[in-house]
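**Student:** What follows is a protein structure lacking sequence information:
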């Protein structure tokens, strides 16, 4: 999609939101403004990400979002921060994104957050065991 196509979609969506807000009751206008603000921030994020990610990297983040939305949001936030501080010289490709994902996963594991680390299974040992019966013979 070109920038012109994206701009048309944005304008159409904004007009749709304004139309919904106009059709809503007078008491619901605060919620419409909040919804419009959320749409604008999401639109700004998507615009920044489309400028700094290659299509393959954007697809990978989309697949990650399907599995774990918090991890995708963390990676996106880190990418946006790097772009705003001028630390990105070129578009981020899939290999660079994998490295960033590894760094984010390592950081979350070190902090102990996320709950997605290791799975530890503890099995209780019973007092009796079928193998013990064979030894009695």
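**Tutor:** The structure has been received and is ready for your questions. In this text, all values refer to a predicted model and were calculated from it rather than measured experimentally.

**Student:** Which helix or strand lies directly C-terminal to the longest helix along the chain?
**Tutor:** When the chain is parsed with DSSP state H, its longest helix is helix 29-52. Past helix 29-52, further along toward the C-terminus, the next helix or strand under DSSP states H and E is helix 55-67.

**Student:** any idea of the angle that following helix forms with helix 29-52?
**Tutor:** 140 degrees (axes from the mean of the first three to the mean of the last three CA atoms, to 10 degrees).

**Student:** Quick one: mean pLDDT for helix 55-67?
**Tutor:** Taken as a whole, helix 55-67 has a mean pLDDT of 93.

**Student:** Helices of this protein, start to end?
**Tutor:** Under DSSP H, the chain gives helices at 3-23, 29-52, 55-67, 69-84, 94-111, 130-135.

**Student:** average pLDDT across the fifth one?
**Tutor:** In other words, helix 94-111. 87.

**Student:** For it, buried residues please.
**Tutor:** 96, 97, 100, 101, 104, 105, 108 (16 or more other CB atoms under 10 Å). For glycine as for every other residue, the C-beta is placed from the backbone atoms N, C-alpha and C.

**Student:** Over to the fourth one?
**Tutor:** By neighbour count, and taking 16+ other CB under 10 Å as the criterion, the buried residues in helix 69-84 are 71, 72, 74, 75, 76, 79, 80, 83.

**Student:** Isn't the last one up against residue 47?
**Tutor:** No: here residue 83 lies out of contact with residue 47, judged by CB atoms under 8 Å, at a distance of 11.1 Å.

**Student:** what's near enough to touch the residue nearest in space to the middle of the chain?
**Tutor:** Taking CA atoms, centre = their mean, the centroid of the chain lies closest to residue 72, which sits 2.5 Å from it. Listed by CB atoms under 8 Å, 6 or more residues apart in numbering, the contact set of residue 72 reads 61, 62, 64, 65.

**Student:** quick one: contacts for the second one?
**Tutor:** In other words, residue 62. Here residue 62 is in contact with residue 72 (CB under 8 Å, 6+ apart).

**Student:** how about low-confidence regions in this structure?
**Tutor:** Counting by pLDDT under 70, the ranges of the chain that qualify are 1, 22-31, 112-117, 126-137.
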